[in-house]
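Visitor: Okay, predicted coordinates and the sequence, questions at the end:
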Amino acid sequence: MSAPQGRVRGVEAMASILRRLCFVDIETTGLDPSSEEIIEIGAVFVERGVVTSRRRWLVRPNRSIPALITALTGLTDDEVAGAPALAEVDDELRAALGGWTLVAHNASFERSFLGERIAQNAMLDSCEVAQLLFPERASHSLDALVRWLEVGRAARHRALDDAEDTFLVLAALCDRVLQEGDRSRLARLLVHLEGDEERTATHALFEALHTAPGLPPRVEPPIARTREASRLADQLARWLEAPAFVAAELEREALLPLAFEAGRAAARRKGEPVAVAVSGGTFRELTDLPALPRRAVCSTALARALEQPSADGNGRFARAYLSSWLSRTRTGDLESISSFVRYRAPEVLPLLEGATTCQCEGPSCFARRVLGDEPCVVITHDHALEWLERGAPASLLFLEADRLPEVERRRTQRSLELWQLERLSKTAPDLAPHLGELATALAAFPQGLVTMRARVSPEWHALREALTNLSHSLRAALPGEERVRLLSRIVEVLEPPPPGFEVQVTARGLVRSLSSPAERVRRRLGRGHCLVSSFRGGLAWAQASPVAAPSERPRPLLEWLAEPLSLERMAALVARAAPVVLVAPAPLEPIAAACQRQGLSISLEGSRPSAVQLFEWRRDRPIPAGPTCVFYGVREWRRAVLSSNSPRVMLLSPTGLAPEPIGRALQGLDPRPLTSPDGPRARPAAS
């Protein structure tokens, strides 16, 4: 095991905690247990905190492994061709796992596929454990926990590796709890989980943690403050007093403490408050900076609500989670409640709804915080954009500002999708016929933008009638609040959108969204606002020259191909340029299959070394570096190029790229045309 395993200092001291556990992970051909199959099972057996054995089973499915699963796991049809079918290893699997307490990350997935084979085993969900012990973390996925705790090899989507990483993550979580030594929180968790038959293993783990000896806290070395950092903090403070909004690109880590210091200095000089706006994940993980939540909880009201016991297992889990969250949150923001927990334990929502009205006089209550209590506070992007709509009551310093247009789009988007309605049909069977009518109408309507001409077509009238019939059924089948929400969504997606919005039809529903979210944000920016992007080119939407140099990196060699390129021809070109980072919008399955037919090794999201590193295009993240970065079918050309860290960038499209728009969009980046991939090997033009 790699050196980071040493980070778990308490493994030797936790023999009484990790007594007899089997860490299990599976790889499958897909997510649906009713139609997909297991292709690999990994098990790591741990006794008294020590790995005693490891087992791995390759399983031959009855269908070919999809190309995207091969890209994710590295498993191919050839590798599993000689493996036994799942039924053939049934007895061996039951004998190996029998009598062990099983541990899996998001254990419901393993249970859904393994079914009766593990029905008699006690089960511990390490994802639930992480949610209960550290609810303030922005993500509790296995990958995120591996990075945060600095253990393991990072989840690589192979069953045995992921099972071992799950063991190291659980050990490291226990290690951190023992360092903190907060026995009272563990005692509250035990009280809430008492009697939960589904989580007896979780209760046993917390009981062992509660009685185990503590560990001395790990001492982190102080971060030295450099002269450059001091100058940057002063510069940020001056930008907050500029005559117009400032857009700057700063590629550096640990920027929030400097930004907060700059905001506090500017607030003192101006005599007005300053707010530092960050993404939701960063806001959730705040530890020691004053924060102003958008939707705050009254800590007293929530504590009283948690005193009422629940007879339901998921209700107990909801109370345990909220109890731990209340003791660890530094923001009190209701939006920081985990979506995983909201889905797993619906009782969380009514508990929170009763705690939104402040019922105390304590000045430290989250719900009583107001702007002005502190000269500088931290808020979320959502909160800051709401302020801008009304006229910001404070100067704003946006960090990670490259995400603002996408945040604005998400805030204003309204969707009505079949899966939302299908979930409701389980409790309201009368909706089922109207859902079938709606699905038929959606399938008949051309997918894409709904134009004014399309609104007079027979297909639109059929879709409108289906939604009208559904709305009548909703009025009789659902309670008040849920009914009002869905009826308002139907009206929003049916009516002609207001200026700046558009309606799109997909196979799964209708979506009303902003047509230009960046323009909407930019119009509201003014004096005293500063935007800071976390990567080069992130503020291209602001249409202002960055006032801070992003980096000293050389400009990449940028090439583009004018003619349309099919999947097969694109894969052939990629094969000649390999190794490459290939970036494309979803769906990725056809792209992975085309590359696979060219004999290329593929990995999804950089999960392993390969000729093609396949990534889904997302606006809010930079692209990992590689010798060559290929963008295929990405429309935001300039943003794509500027977000790449590769020395060579290629732009390709299934519909072709016209020279004039390319020249306008990439002005200043020196784009160079490529020759046809069917001719001689494409070479960059001479400088």
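Guide: Looks like it arrived, so ask away.
Visitor: who touches the residue nearest to the spatial centre of the chain in this structure?
Guide: Taking Cα atoms, centre = their mean, the centroid of the chain lies closest to residue 139, which sits 7.2 Å from it. By Cβ atoms under 8 Å, 6 or more residues apart in numbering, the residues touching residue 139 are 145, 281. To be clear about C-beta, it is placed using only N, CA and C from the backbone, and glycine gets the same treatment.
Visitor: Now do the nearest residue to residue 330 once chain neighbours are set aside against residue 392, distance only.
Guide: Leaving aside its chain neighbours, residue 330 sits nearest to residue 286 (5.1 Å; criterion: Cβ to Cβ, 6 or more residues apart in numbering). Separation of residue 286 from residue 392 (Cβ to Cβ, to the nearest Å): 21 Å.
Visitor: which stretches of the stretch 301-450 of the chain form helices?
Guide: 313-328, 339-344, 348-353, 381-390, 404-412, 418-425, 432-444 (DSSP state H, counting those that start in this stretch).
Visitor: looking at those helices, which is buried most?
Guide: The highest mean neighbour count among the helices of the stretch 301-450 of the chain, using mean count of other Cβ atoms under 10 Å, belongs to helix 313-328: a mean of 22.
Visitor: Does the residue nearest to residue 330 lie in a helix or a strand, and which?
Guide: Assigned by DSSP states H and E, residue 286 falls within no helix or strand.
Visitor: Test my guess that it contacts residue 331.
Guide: Yes: taking contacts as Cβ atoms under 8 Å, residue 286 lies within contact range of residue 331: 5.9 Å.
Visitor: buried set for the longest helix seen in the chain?
Guide: Counting residues, the longest helix found in the chain (DSSP state H) is helix 159-180. Across helix 159-180, burial judged by 16 or more other Cβ atoms under 10 Å covers 159-178.
Visitor: and if you look at stretch 629-644?
Guide: Applying 16+ other Cβ under 10 Å to stretch 629-644 flags 629-634, 636-644 as buried.
Visitor: Now, these that are in helices?
Guide: Cross-referencing these against helices under DSSP H gives 637-643.
Visitor: Mind picking the one among those residues that's closest to residue 446?
Guide: Nearest to residue 446 among these is residue 637, at 26.1 Å by Cβ to Cβ.
Visitor: got a list of what that closest one touches?
Guide: Going by Cβ under 8 Å, 6+ apart, residue 637 touches 631, 651, 657, 662, 665-666.
Visitor: So which of those residues sits lowest on pLDDT?
Guide: Ranked by pLDDT, the contacts of residue 637 bottom out at residue 665 (82).
Visitor: what is the rounded mean pLDDT of stretch 214-228?
Guide: Mean predicted confidence for stretch 214-228 is 75.
Visitor: Next, the buried residues of that stretch.
Guide: residue 215.
Visitor: how distant is it from the center of its chain?
Guide: 29 Å (Cα atoms, centre = their mean, to the nearest Å).
Visitor: pretty sure residue 152 is touching residue 164, no?
Guide: Yes: look at residue 152 against residue 164 with Cβ under 8 Å: they come within range, at 6.7 Å.
Visitor: okay, now the domains of this protein?
Guide: The chain breaks down by automatic domain parsing into domains covering 3-211, 299-369, 414-514, 557-673.
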